[in-house]
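Asker: using only what follows, build the 3D model:
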Amino acid sequence: MKLLVINPNISESVSDLIAAEARRAAAPGTEITMKTAPFGVAYIETRFESLIGAYATATLAGEHAPGHDAVIIAAFGDPGIDGLREALDIPVVGLTESALMSACLLGKRFSIVAISRRITAWYRECVQANGLVDRLASIRCLDRPLQDIGRVQEDHEAALLSLCQAAVDEDGADVLIIAGAPLAGLARSVKHRMAVPMVDGVSSAVCHAQTLVSLAPTPARGGSFAPPPIKPHHGLPEGIMRLLAPR
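Answerer: Numbering: from 1, shown residues only. Below you'll find the predicted structure:
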């Protein structure tokens, strides 16, 4: 099984964290291909940055998806996920949706721990879009400058753990989702210090992708996820044109 993992941000240090956690979570024999956005921002905090990340992700998917069994969008918020599901015949999963599904299998109410305050409104909208806002206990976040996006875990581990504990003690969370690619692997390394299950988006996405590949679903040819209709286009990168080609 071959999984294409795409970081919609330009931070190679974050891609290293994603790839390491993806390989820890992967089953024996599963191959991980890691790709980083060639343009965009260091990390996504806003709806507009997500738009940029979605385009970068689609470009990379068009270039590299052939030969892979599934695609993972490795940014919380899953930029571009629904569009890519229309354009690809293989499963496409994202960190947010995968983490939410894992959390719902482990408890009734979950909290999300995030890396910035600006990001929280958009995260809440993502939970609502997945139909799970009634199960959201809280979104807790860091509220301090991030000096190095690749070192958020090392620089802010104590603060992140404090947020996790508050989500359990004060918000009634049954499960904690550690959100965002810069925190990939943190749940695995600190889970023994929390009294409730902790969910990592990267490992959840890898495991869910493997499950979907094993189920061998039929590609959509009807319904709302049918391939985009053929029509004239102009000025698009080669990867995007591949996604729009007849199949």
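
Asker: residue closest to the middle of this protein?
Answerer: The centroid of the chain falls nearest to Leu95 when counting by Cα atoms, centre = their mean (2.2 Å).

Asker: Gln128: neighbour count?
Answerer: Using other Cβ atoms under 10 Å, Gln128 has 12 other residues around it. In this view, the C-beta of every residue, glycine as well, is placed from N, C-alpha and C.

Asker: that's a strand at it, yeah?
Answerer: No - counting by DSSP: H, G, I helix; E, B strand; the rest coil, Gln128 is located in no strand; its state is helix.

Asker: what's the distance between it and Trp122?
Answerer: 11 Å (Cβ to Cβ, to the nearest Å).

Asker: could you do Pro91 as well?
Answerer: Distance from Pro91 to Trp122, by Cβ to Cβ: 24 Å.

Asker: higher neighbour count, those two?
Answerer: Ranked by neighbour count (other Cβ under 10 Å), Pro91 and Trp122 place Pro91 first, with 21 against 18.

Asker: quick revisit: not counting sequence-adjacent ones, nearest residue to the residue nearest to the centre of the chain?
Answerer: Nearest residue to Leu95, sequence neighbours excluded (Cβ to Cβ, 6 or more residues apart in numbering): Gly201, at 3.1 Å.

Asker: report the contact partners of the one you found.
Answerer: Applying Cβ atoms under 8 Å, 6 or more residues apart in numbering to Gly201 gives the contacts Ala74, Phe76, Leu95, Thr96, Ser98, Ala99, Ile177, Ile178, Ala179, Gly180, Ala181, Ala184.

Asker: same check, this time on Leu160
Answerer: By Cβ under 8 Å, 6+ apart, the contact set of Leu160 is Val113, Leu142, Gln153, Ile178, Leu183, Leu186.

Asker: wouldn't Arg193 be in contact with Ala158 here?
Answerer: No - here Arg193 lies out of contact with Ala158, judged by Cβ atoms under 8 Å, at a distance of 11.0 Å.

Asker: thinking again about what came up before, quick check: the residue nearest to the centre of the chain touching Ser203?
Answerer: No - assessed by Cβ under 8 Å, Leu95 is found out of contact with Ser203, at 9.7 Å.

Asker: wait, a strand at Pro246?
Answerer: No - according to three-state DSSP, Pro246 belongs to no strand; its state is coil.

Asker: is it true that it touches Ile230?
Answerer: Yes - Pro246 is in contact with Ile230 according to Cβ under 8 Å; the separation is 5.8 Å.

Asker: neighbour count for these two, which is higher?
Answerer: Ranked by neighbour count (other Cβ under 10 Å), Pro246 and Ile230 place Ile230 first, with 9 against 6.

Asker: for the protein, which spans come out with low pLDDT?
Answerer: Applying pLDDT under 70 to the chain flags no residue at all.

Asker: can you list the domain ranges for it.
Answerer: 2-95+204-244, 96-200 (automatic domain parsing).

Asker: just the terminal-to-terminal distance for stretch 229-241.
Answerer: End-to-end distance for stretch 229-241, by Cα to Cα, to the nearest Å: 13 Å.

Asker: what residues sit buried inside that stretch?
Answerer: Gly239, Ile240 (16 or more other Cβ atoms under 10 Å).

Asker: go on, stretch 5-17?
Answerer: Buried, per 16+ other Cβ under 10 Å, within stretch 5-17: Val5, Ile6, Asn7, Pro8, Asn9, Ile10, Ser11, Val14, Ser15, Leu17.

Asker: of these, which is the nearest to Ala226?
Answerer: Nearest to Ala226 among these: Ile6, at 22.9 Å, using Cβ to Cβ.

Asker: shouldn't that closest one be within a strand?
Answerer: Yes - when three-state DSSP is applied, Ile6 is found to be in a strand.

Asker: just checking, it touches Gly62?
Answerer: No - look at Ile6 against Gly62 with Cβ under 8 Å: they stay out of range, at 10.9 Å.
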